[in-house]
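[1] got a sequence here, can you model it:
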Amino acid sequence: MKNQTMITRVLLMSLSDNQNTIYVLFIVFLLIYLMTFLTNFLIILLVVTCAHLHTPMYFFLGNLAFLDMSYSSVTAPRLLFDLITQDWFISLPDCIAQMFFVIYFGSSEVFLLSSMSYDRYLAICHPLHYSQVMSWDTCNHLVSLVWSSALLAPIIYTLCLRRLTFCGPNFIHNFFCDLPQLFQISCTNTSINVLVLLTVGCVQGIVASVTTFYPYFRIFITVHKIRTSDGKHKAFSTCTSHLTVVFIFYTAVTFIYFVPNTSDLSTLNQVLTVIYALITPLLNPLIYSLRSKDLKAALQKAIHIHVMMPDYSRRGCT
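    Numbering: from 1, shown residues only. Coordinates of the predicted model:
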């Protein structure tokens, strides 16, 4: 049997070989990350401090903002460090750890979007029973289920990686570590791992898709029965932001994980990966903040209280 050298480091894909382009990318990605962190943090702050935002919809939105902050923080700081140092190597344990959290936060967002769909379904289709069904106990149970159930996939994938031997090549075609790229640097048969990936991914995808899109199917039926156009617009406008976020998220996931990563599409794959990992966490808070009158009103009141009337800043955003 041929001797195999075990690798301890992984070489990530550089986004550019041009030094001037690298500086431009660093500045652009730094601004994107800072905007992502600050906008999501602002939403969390408003949801926590503003009493009129203490509703199930904004409770879920605050969790989504925390997820976007976390997901972006798993990939962006490492990318910025690699751009400025031009050292694209990452240790194998760090690579696996990054993969774990990428999958965990991605899975959490899938299930959280399902919970938000259920919330909109109750609000539109069963408004009289909404406050009773979507109680704070229900919200806390749903969010606890989201964060705990999302652990299943990354734990299974990480445990399955223990049976693999990594001996190179140590180069992966991505600027962060993900499961398919780790399979490519293994010198062990990965057929079992691929089967586990497909099984767990399909089950999770089917469950999340059904629980996300079926409530909207029921919402469309309910809205269609409303006779007045103003009533239809008012009913559907409450879930337009969530539908937009769902569309962007599932479109990005589909292109990243289901479009073949070929040499002919390498540039397209790089662009889509950047959009999925860096742009999407920034778009979510912007979509909600631009479409939500309550959030904009809360922000204006917070600015007025803390900037225009600093003596009353301790009263909060009530």
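
[2] which ones are touching Thr188?
    Arg163, Leu164, Thr165 (CB atoms under 8 Å, 6 or more residues apart in numbering). For every residue, glycine as well, the C-beta is placed using N, CA and C.

[3] top of those by neighbour count?
    Within those, neighbour counts (other CB atoms under 10 Å) peak at Leu164, which reaches 17 neighbours.

[4] phi and psi next, for it.
    Dihedral pair for Leu164: phi -90, psi 150, per degrees, to the nearest 10.

[5] what of the one 10 residues further on?
    Dihedral angles phi and psi of Asn174 (degrees, to the nearest 10) take the values phi -170, psi 160.

[6] right, and it touches Gln181 too?
    Yes: assessed by CB atoms under 8 Å, Asn174 is found in contact with Gln181 at 5.1 Å.

[7] which helix or strand lies directly C-terminal to the helix or strand hosting Tyr23?
    Following DSSP states H and E, the helix or strand that holds Tyr23 is helix 19-49. Once the chain leaves helix 19-49, the next helix or strand it forms, by DSSP H and E, is helix 56-85.

[8] helix or strand with the lowest mean pLDDT in the protein?
    Every helix and strand in the chain was compared by mean pLDDT, DSSP states H and E; the lowest is helix 229-237, with a mean of 68.

[9] quick check: next helix or strand after that one?
    Using DSSP H and E, the next helix or strand after helix 229-237 towards the C-terminus is helix 240-258.

[10] what angle do that next one and helix 56-85 make?
    Counting by axes from the mean of the first three to the mean of the last three CA atoms, to 10 degrees, helix 240-258 lies at 40 degrees to helix 56-85.

[11] got the contacts of Thr188 as JSON lines, with pLDDT and distance to Val10 columns?
    Below are the contacts of Thr188 laid out as JSON lines (pLDDT from 0 to 100; distance: CB to CB, whole Å):
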{"residue": "Arg163", "pLDDT": "83", "distance to Val10": "18"}
{"residue": "Leu164", "pLDDT": "85", "distance to Val10": "13"}
{"residue": "Thr165", "pLDDT": "86", "distance to Val10": "14"}
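
[12] what residue ranges in the protein score low on pLDDT?
    Within the chain, the stretches with pLDDT under 70 are 1-5, 230-236, 238, 256-269, 290-291, 304-318.

[13] same thing but 50
    Where the chain drops to pLDDT under 50, the residues are 1-3, 263-265.
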